[in-house]
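Chemist: how would this look folded up:
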Amino acid sequence: QVQLVESGGGLVQAGDSLRLSCAASGRTFSRYVVGWFRQAPGKEREFVAAIIGTAGSPYYADSVKGRFTISRDNAKDTVYLLMDNLKPEDTATYYCGAGGRVTRDQNDFSSWGPGTQVIVSS
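Modeler: Residues are numbered from 1 along each chain as shown. Prediction:
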């Protein structure tokens, strides 16, 4: 099973950018679909973006399309989430998970990391 650890969160102002990292260890990373999800206080965890294994094809939630970019470096066993033009509503704890299906359903992902917090002030 792959183990994941997120990093890169922080406190920023609206309009700023952040790049989150999801570092993997364990089993072959390149074969997994890796997804970013987020959970704001009092809300359910929601899909943000995901990227397919070796092909590297991304897909996004409508709320972040055009502002966030997901990418992966399989040589470094790392998936990145570049977040531009951040908004206060992007404030949440961000998690990455790995799975075998091309899906937006968090139940199809596992190996969740502990999360990294992003706070966007207005």
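Chemist: The residue nearest in space to the middle of the chain pairs with what?
Modeler: Compute the mean C-alpha point of the chain, and by C-alpha atoms, centre = their mean the closest residue is residue 36, 2.5 Å away. Note on residue 36: beta-bridge partners by DSSP bridges are residue 49, residue 96.
Chemist: what does residue 11 give?
Modeler: Residues in beta-bridge contact with residue 11 (DSSP bridges): residue 119.
Chemist: show me what contacts the residue nearest to the centre of the chain?
Modeler: 20, 22, 48, 49, 50, 70, 79, 81, 94, 95, 96 (C-beta atoms under 8 Å, 6 or more residues apart in numbering). In short, each C-beta sits where N, CA and C put it, glycine included.
Chemist: Check the burial of the second one by counting its neighbours.
Modeler: Neighbouring residues of residue 22 were enumerated by other C-beta atoms under 10 Å; the total is 28.
Chemist: again with the third one
Modeler: The burial metric for residue 48, expressed as a neighbour count using other C-beta under 10 Å, is 24.
Chemist: next one: the fourth one
Modeler: Counted with other C-beta under 10 Å, residues neighbouring residue 49 total 24.
Chemist: now it: how far from residue 97?
Modeler: Residue 49 is 12 Å from residue 97, where distance means C-beta to C-beta, to the nearest Å.
Chemist: Please report the distance of residue 75 from residue 34.
Modeler: 15 Å.
Chemist: more neighbours, these two?
Modeler: Higher neighbour count among residue 75 and residue 34: residue 34, with 26 against 8, using other C-beta under 10 Å.
Chemist: Tell me which residues touch the more buried one, please.
Modeler: Residue 34 sits in contact with 4, 22, 24, 50, 51, 72, 79, 96, 97, 98, 99, where contact means C-beta under 8 Å, 6+ apart.
Chemist: so what's the third one bridging to?
Modeler: It refers to residue 24. The bridge-partner assignment for residue 24, based on DSSP bridges, gives residue 4.
Chemist: tally of neighbours for it?
Modeler: Using other C-beta under 10 Å, residue 24 has 24 other residues around it.
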